Every structure is written in structure tokens, then in C-alpha cells.
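>>> I would like to see how this sequence folds:
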Amino acid sequence: MKQLTLLILGASLTQLPIIKKAVELGYYVITLDNIPSSIGHQFSHQSVNCSTADQISVLKLSQQLNINGITTFASDIATLTVAFVAKSLNLPSCPLSTTNILANKANFRLFQETNDLSHPRFFISKNSADIANLPAHLTAPLIFKPIDTSGSRGITKVDHFNINHYRDAYNHAQQYSRSKTVSIEQFMIGTDVSGDGFLINGKLHAFITQKYKHNFIPIGHSLPNNISDEDEKRILTTVEQTCHAANYFNGPIDFDVNISAQHTMVIEMSPRLGGNGIPELINHHTGIDLIEMSIEYALGKPLKAPVESIQTYPCGSYIFGSEKAGQLEYIASKQDLHKQLPKLLKYQLNYAQGDAIPAFDHSGNSLGYALFAYAPEESYTQIVSRLQSALQLRVTTPNSVDAGKYTMVTETH
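Sure, this is the predicted structure:
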């Protein structure tokens, strides 16, 4: 039997889980991005130097490489290219028209409005002068976010009306937008949750994680969550209905939902799996491998509904970084961390000691993450506190050598 060829867009540490899994499953794996030093290229069978956003070039390369499937992992930019190439070559993927809705925050808000789906009040703008004449229904607190990027980049909350603060937040968001377009949205009071899952013939099989954050940056997830059965059903029903309205019935899904007694609202969703260890966390807790499902789907394998989850031990993820940019002076090794946390499942570092590191002001600037299990009588926050101490993170900055500590809060308002 001919070995099937899978093209994976992106080869950074973020994409490493899907690259390794595809190789493990016995497929011929080609990785593609425009950074030859990306670590994922070391684990694939072949690599290609090309931007994941260059749809035409990726299509031509896909034809030359005679691929059997194309996919990505935790990248909205690459998701658009996956859908374009898949449509052109008649390969499995989320429909291109649907991807154009889900991967663009302005398109998604307009889609929700058109389809009478619950959504925050919003205003889409390309000109900062608009903030002086916002619609009367938009009142503080407001969220300013770029419409075409992910990973919490460029997001600012302004709690009280102040035209200068509005302008600063607008300009900050616009800097991160490729189209220089900003979505100004009403801040929603409620509980934010995240989830990953898979659609099979319109049926959503998904898992909701408890989310922890620092400002708007996710810094951890845990399972099981503490959401009531009733609220979990509301969330999954809303996500499934939203997918159906967007003509999405088969494939992976990553979503963020805000829920309160008054509403169940999809804040964002994307037709791919999330990063920062969420699919692996789900696998450890339930035994269900969403990464493998995504690979098999991309290669046209028959979709099988996951068996009932195992619901094993509690487990969590913790994403860490530095409040300030500087030089990474010290961080514990995996061996040292394991001595303090015997149930450590995975420890991924994005930088080495001595590297220049950025401030952790969005998800793309994290130093790494850890996955861990813990006993039912323990709490997630207790484990994270121990983990923070065990990391012994030290960062040299012009003003401080202790730049790696920040406050974690559960995503509840």
C-alpha cells in the first residue's frame, strides 16, 4: 500500500504534537513554513520553505508534492490556506467559505448578527477617528481587538470612557491586524470557557476545559471542569448550532464561549485544534486523541465517533512566561521539575538559558508550558503554585531580575 503524504502547515514548537503524531502513525510528513530553523522540520520526512499565508504558492507546491492531505495546528492564518488548497485539490477540510467566517473576527460577528446568534454588541473599524463617534449602544467597558490574528495578540479592555484610552487601545489592536481592522466590542460579564472537539456528520464531540488567565492571556487549563451539567449542555449545544449555521459538519473545532444566566455566547471559534497542550490534556484525561482524529480526517480516513471518555485522573496545563523582556538567566530542567512534581506529564520549553526572551504579552510569547496530573484531593491552583516555585524562573532585565511572576485568575467575572 502506498504511503500517504500529509502536508502540515507550520513547523514551530506549537505544531510539534501533530507532526510527531503523524510520523508515529506511519504517514509521510512534509512540513512547510518560511523559517528553515523551525524545530518541526527536524521531525518530518521533508520540509519546504514557504509562507503558510501564501495560498497560491502552497497550492502549487501541494500539486508538485502530490499530497493526500493538508492540515495545520493552532494557527488561524494557516487554516485559511488549508481550506483554500483543500478546496482546489478536493481534499477533506472545512469549507473555504466557512473558514473565511470563522478565521476573521469581523466576519464572525457579522455572521452571528445575520443569523440571530447571541453575540456582543460590536463595531468594526479601519479608522481611529471612528472612536470619537461610536454607536450609542457601545458603552464601556469595551474590548478592542484585531480581527485577523489569534493568541490574545493586541487585545485591550478599557473599563471607563476615556477618549485617549480608547485611542491607545485602538492603535494597539490595529498594530497587530494584517488588514489594519479593529473590532470594538462590549465586554461580556460571565464565565469564559474553552474547548476542543470534533464534528462528525454534524454531531459535536467536544471537551470543555476550565480556563485560567492573566489579563486576556490564557495561562492554564484543567480537567475536569467545574461547570454544571446544565451549563455544559448549553455550551455544547450553542457551539454545535453555530457550526451548523456556518455550514461546518465535519472536522476539528476550537472554541471560546462566554456563559451567564442570561446568555450562552460564542466569542471565537476556529476549524482546527488549539495549542498550548489542550488536545494533549484532553487525551490524558479522557483517552480520546483529537490530534490523531484530525490527521486521519485530513487524509480522508473514515470518521469514527470517539468512544465514551475514560475520565481518568484530574490533570492540568500551565503556560508560563516573563512579565518583562530580557535574558533568560535560569529555568529548571525537566529532570529537576519532575523531582518536585512526580506526576509531570510534559514540559516544553520554547527558549534556552541565555536566550533573549519577549514579554509574555500574548500567547505567542510564552516561554513554554507544562502538563501534569494531580490527585482528586489536590487543587489545580495548589499544583501551579508548586510548579511556579519549582521553575525557579529568573530573567535579567534592565530594571529587575525577577520578571517571571504574575497573578493567575480563573476565567470568571
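
>>> in the strand or helix carrying residue 85, what's buried?
Under the criterion of DSSP states H and E, residue 85 resides in helix 76-89. Across helix 76-89, burial judged by 16 or more other CB atoms under 10 Å covers 76-87, 89. All C-beta atoms are positioned from the backbone trio N, CA, C, and that covers glycine.

>>> now swap in stretch 234-247 and tell me
Here stretch 234-247 shows 234-236, 238-240, 242-243, 245-246 as buried, counting by 16+ other CB under 10 Å.

>>> would you list those in a markdown table and tack on distance to residue 181 and pLDDT?
Shown next, in a markdown table, are the buried residues of stretch 234-247 (distance: CB to CB, whole Å; pLDDT from 0 to 100):
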| residue | distance to residue 181 | pLDDT |
| --- | --- | --- |
| 234 | 31 | 98 |
| 235 | 28 | 98 |
| 236 | 31 | 98 |
| 238 | 26 | 98 |
| 239 | 25 | 98 |
| 240 | 29 | 98 |
| 242 | 22 | 98 |
| 243 | 24 | 98 |
| 245 | 23 | 98 |
| 246 | 20 | 98 |
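
>>> For residue 319, give me phi and psi.
phi -110, psi 130 (degrees, to the nearest 10).

>>> what bridges to it?
residue 369 (DSSP bridges).

>>> residues contacting it?
When contacts are counted by CB atoms under 8 Å, 6 or more residues apart in numbering, residue 319 touches 217-220, 276-277, 363, 366, 368-369.

>>> can you check residue 317 too?
By CB under 8 Å, 6+ apart, the contact list for residue 317 reads 220-222, 276-278, 281, 369-372.

>>> at 10 Å instead, please
Contact analysis of residue 317 by CB atoms under 10 Å, 6 or more residues apart in numbering lists 209, 212, 218-223, 276-278, 280-281, 284, 345-346, 369-372, 380, 384.

>>> Spit out the contact partners of residue 2.
28, 68.

>>> Any regions of the stretch 201-350 of the chain where pLDDT drops low?
308-311 (pLDDT under 70).

>>> and if we set it to 80?
306-312 (pLDDT under 80).

>>> in it, which spans are helices?
229-245, 278-286, 290-298, 334-340 (DSSP state H, counting those that start in this stretch).

>>> Can you spell out which helices and strands pack onto the last one?
Here helix 334-340 touches strand 344-349, strand 368-373, helix 380-391, going by 3 or more CB pairs under 10 Å, 6 or more residues apart in numbering; DSSP states H and E.

>>> Could you report the separation of residue 349 from residue 185?
Noted for residue 349: a distance of 35 Å to residue 185, by CB to CB, to the nearest Å.

>>> From the centre of this protein outward, give me the first residue you hit.
In the chain, the C-alpha nearest the mean C-alpha coordinate belongs to residue 274, at 3.8 Å (CA atoms, centre = their mean).

>>> surely that one meets residue 79?
No. Between residue 274 and residue 79 there is no contact under CB atoms under 10 Å: 11.8 Å.

>>> how much space is there between the closest residue to residue 218 other than its chain neighbours and residue 335?
Leaving aside its chain neighbours, residue 218 sits nearest to residue 211 (5.9 Å; criterion: CB to CB, 6 or more residues apart in numbering). Per CB to CB, residue 211 is found 30 Å from residue 335.

>>> Who has more neighbours out of the two?
Taking residue 211 and residue 335 together and counting by other CB atoms under 10 Å, residue 211 has the greater number of neighbours (21 against 8).

>>> Might you report the residue contacts of the more buried one?
Contacts of residue 211 by CB under 10 Å, 6+ apart are 191-195, 218-222, 225, 256, 278, 410-412.

>>> Which two of those residues have the greatest separation?
278 and 412 (18.8 Å; CB to CB).

>>> Of those two, which one has the most company?
residue 278 (25 against 14).

>>> And the closest residue to that one other than its chain neighbours, what's its pLDDT?
Excluding the flanking residues, the one nearest residue 278 by CB to CB, 6+ apart is residue 196, at 5.3 Å. Residue 196 is assigned 97 on the pLDDT scale.

>>> and residue 196, that one's in a strand?
Yes. Checked against DSSP: H, G, I helix; E, B strand; the rest coil, residue 196 lies within a strand.
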